[in-house]
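Peer 1: Show me how the following folds:
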Amino acid sequence: MNARILTGALLATTLAPSLAFAAEQGGEPAGAWLKLVFYVINFAAFVFVIFYYAGPSTSNYFKERARLIRSDLERLEAAHKQAEEMAERARLRIAGLEDELKKLADEIARETAFQVRKLREAGRAGAERTRRDAELTARALAEDGRRRVRAQLARSAASMARELILKSFEPADQERLVEGFMERIRSEASR
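Peer 2: Just a heads-up that it's a prediction; the model follows:
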């Protein structure tokens, strides 16, 4: 069917210029028609030889070419489909990564807040310990100072008393001192 259409088209294009050429010469129409028939037969023989010898290889070439084009098209369609699937998986992964990133950011924020609270509490506890230690140290130093002052006063008083006793102590004073001491021991023992 395709060969007939092709032959008809080639014949029409061949005849049209020949008719125009025959009309221009204007002389004998029988010679022009005879030439035309000769050209048509010559062309038909040419087309027959081309189709007979070159037709199968040309047909095979175009069939092979069509097969290659179809296989390339199928391969490219499969590659396109695979690329679309990979792009969709990549979009899903990116969405998953964004969710995971948000979760990690939230977790880091919570952990940071927790650590900040711990550090504040530790700082407050350390400051409280330091304050208590400072108070205890100040009390201990004050108490130690009082003891030293008392000890110094006691040493000074004892030294002064020794000097006074040595200067003005008489046997009656000694007896009265011993009696007072004994009275005090008796009152303490009776309690």
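Peer 1: ok, and the most centrally placed residue in the chain, which helix or strand is that part of?
Peer 2: Residue closest to the average C-alpha location in the chain (C-alpha atoms, centre = their mean): L101, at 5.7 Å. Here L101 sits within helix 55-168, counting by DSSP states H and E.
Peer 1: one step back: next one, pLDDT for the residue nearest to the centre of the chain please.
Peer 2: L101 is assigned a predicted lDDT (pLDDT) of 88.
Peer 1: swap in F38?
Peer 2: 86.
Peer 1: show me where pLDDT drops low in this protein?
Peer 2: Scanning the chain for pLDDT under 70 picks out 1-2, 6, 9-31, 165, 169, 191.
Peer 1: can we see that at 50?
Peer 2: Regions of the chain meeting the criterion pLDDT under 50 cover residues 20, 23.
Peer 1: what's the spacing between T58 and I50?
Peer 2: 9 Å (C-beta to C-beta, to the nearest Å). Yep, even glycine has a C-beta here, placed from its N, CA and C like the rest.
Peer 1: Likewise for A157?
Peer 2: Using C-beta to C-beta, A157 is found at 149 Å from I50.
Peer 1: and what of V40?
Peer 2: 15 Å.
Peer 1: Same check on A95?
Peer 2: Distance, A95 to I50, by C-beta to C-beta: 62 Å.
Peer 1: now do E183
Peer 2: Here E183 is placed at a distance of 161 Å from I50 (C-beta to C-beta).
Peer 1: Kindly report the same for E88.
Peer 2: Taken as C-beta to C-beta, the span from E88 to I50 is 52 Å.
Peer 1: do the same with E121
Peer 2: Computed with C-beta to C-beta, the distance linking E121 and I50 is 100 Å.
Peer 1: Please apply the same query to Q152.
Peer 2: Distance from Q152 to I50, counting by C-beta to C-beta: 141 Å.
Peer 1: Equivalent analysis for A161, please.
Peer 2: A161 sits at a distance of 155 Å from I50 (criterion: C-beta to C-beta).
Peer 1: now do L73
Peer 2: 30 Å.
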